[in-house]
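[1] give me a 3D structure for the following:
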Amino acid sequence: MAPDEHGDPLTSDAFYHELAERYDADVAAERRPYLDAVDALVCRGRAAPRRMLDIGCGPGVRGAGLARRLGAGELWLADSSAGMVRTAKRGVPWARVVRADLADAEQCGERLPGGFDLITCLGNVLGHMPEKARVAALRTVGALLAPGGSAVLDLNNRYNAAQYGVGAVAANMAKDLLGLGGGDYVTRRRVRGRVIATPVHLTTPREARRLMARGGRTVRRTWFVHYARGCPARGPLSGQIVMEVV
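    Below is the predicted model of the structure:
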């Protein structure tokens, strides 16, 4: 049973299971300019990948669109939510769809072949994992990449004043300066008349760089993208974080 406004948050898997059937219509549609801008960055100057993996694929539509646009030879879709995997199998029957937890290296090694020229991990996927799982997930990404391959991921930026407001960002910065910790929130959605919730982490550019290093990844490029308009942001105070890593 999903919680109401006063219930406990769901796990990320359970939360997205509830959203699976209408994710593209109700969630992705709200951020279409941003999603399109990030997808353009993924594709910019990139040769057709022989094998591509979209992690946290949701219904699979976005990963399928990127694969078609890039001319990918083979597309794999992976998600830890049973509902999302079921929806992706139905919606993208030509892709190879698996249920896998990116933080579980052994499971991913059994269910995914590796040798991916491109891995995408979009929609703040890492922000829906506990801290230790984020590091493990990045190490798994490295193990799955082909030589010369790269991964593109995005992270919600708690210093993004253009999206969250100057007051909220100032409070976040003060907490960080005082060592009080920050970045952990609860996000809520109304689904079929009920409000469901799940924990989510918003990072900072500095924290993101440290996370990549802890996960064994080297940052090749960093962009900031305006969350509402989808245009390039002037800097870390006005956009979400998009990174290409190897």
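[2] quick one: contacts of the worst-scoring helix or strand of the chain on mean pLDDT?
    None of the helices or strands of the chain scores lower by mean pLDDT, DSSP states H and E than helix 23-26, at a mean of 86. Residues from elsewhere that reach helix 23-26, judged by C-beta atoms under 8 Å, 6 or more residues apart in numbering: Tyr16, Leu19, Gly58, Pro59, Val61, Met84, Thr87, Arg189. (Each C-beta comes from the backbone N, C-alpha and C, glycine too.)
[3] now rank the residues you listed by neighbours and give me the top one.
    Counting neighbours by other C-beta atoms under 10 Å, Pro59 comes out on top of the contacts of helix 23-26 with 29 neighbours.
[4] so that one touches Lys89, yeah?
    No - assessed by C-beta atoms under 8 Å, Pro59 is found out of contact with Lys89, at 9.9 Å.
[5] so how far is Gly165 from the closest residue in space to Phe15 that isn't next to it in sequence?
    Once flanking residues are discounted, Phe15 sits nearest to Thr198: 3.7 Å by C-beta to C-beta, 6 or more residues apart in numbering. According to C-beta to C-beta, to the nearest Å, Thr198 and Gly165 sit 22 Å apart.
[6] same check, this time on Leu211
    Per C-beta to C-beta, Leu211 is found 24 Å from Gly165.
[7] which elements pack onto the one helix or strand Glu106 maps to?
    Assigned by DSSP states H and E, Glu106 belongs to helix 105-111. Counting contacts by 3 or more C-beta pairs under 8 Å, 6 or more residues apart in numbering; DSSP states H and E, helix 105-111 packs against helix 131-144.
[8] now do the helix it packs on: everything it contacts.
    Residues outside helix 131-144 that contact it (C-beta under 8 Å, 6+ apart) are 53, 55, 102-105, 108-109, 112, 114-116, 119, 121, 126, 129, 151, 201, 211-212, 214-217, 245.
[9] tell me which residue of this protein is furthest from the middle?
    The outermost residue of the chain relative to its centre, with distances by C-alpha atoms, centre = their mean, is Leu178 at 28.6 Å.
[10] quick one, phi/psi of that one?
    phi -90, psi 0 (degrees, to the nearest 10).
[11] which parts of this structure are strands?
    Under the criterion DSSP state E, the chain contains strands at 51-55, 74-79, 96-99, 116-121, 145-155, 184-191, 194-201, 219-225, 240-245.
[12] any weak-confidence spans in this structure?
    By pLDDT under 70, the weakly predicted segments of the chain are 1-7.
[13] one step back: between Thr198 and Gly165, who's got more neighbours?
    Here Thr198 and Gly165 are compared on neighbour count by other C-beta under 10 Å; more neighbours surround Thr198, at 21 against 11.
[14] surely Gly148 and Asp117 touch.
    Yes - counting by C-beta under 8 Å, Gly148 does reach Asp117; the two are 7.3 Å apart.
[15] compare the two (neighbour count), which wins?
    Taking other C-beta under 10 Å, Gly148 and Asp117 do not tie; Asp117 has more neighbours (22 against 7).
[16] measure the more buried one to Leu77 for me?
    From Asp117 to Leu77 the distance is 16 Å (C-beta to C-beta).
[17] same question for Asp36.
    19 Å.
[18] neighbour-wise, which of these two wins?
    Neighbour tally, Asp36 and Leu77, criterion other C-beta under 10 Å: the higher count belongs to Leu77, 29 against 12.
[19] tell me the contacts of the more buried one?
    Contacts for Leu77 (C-beta under 8 Å, 6+ apart) come out as Leu53, Asp54, Cys57, Gly60, Gly63, Ala64, Ala88, Val92, Ala95, Arg96, Val97, Val98.
[20] pick out the most distant pair among those residues.
    Largest separation among the contacts of Leu77 by C-beta to C-beta: Ala64 and Val98, giving 15.0 Å.
[21] before we move on, back to that, what about burial for the contacts of helix 131-144, which qualify?
    53, 55, 102-104, 108, 112, 116, 119, 121, 126, 129, 151, 201, 211-212, 215, 217, 245 (16 or more other C-beta atoms under 10 Å).
[22] I appreciate the help and will end here.
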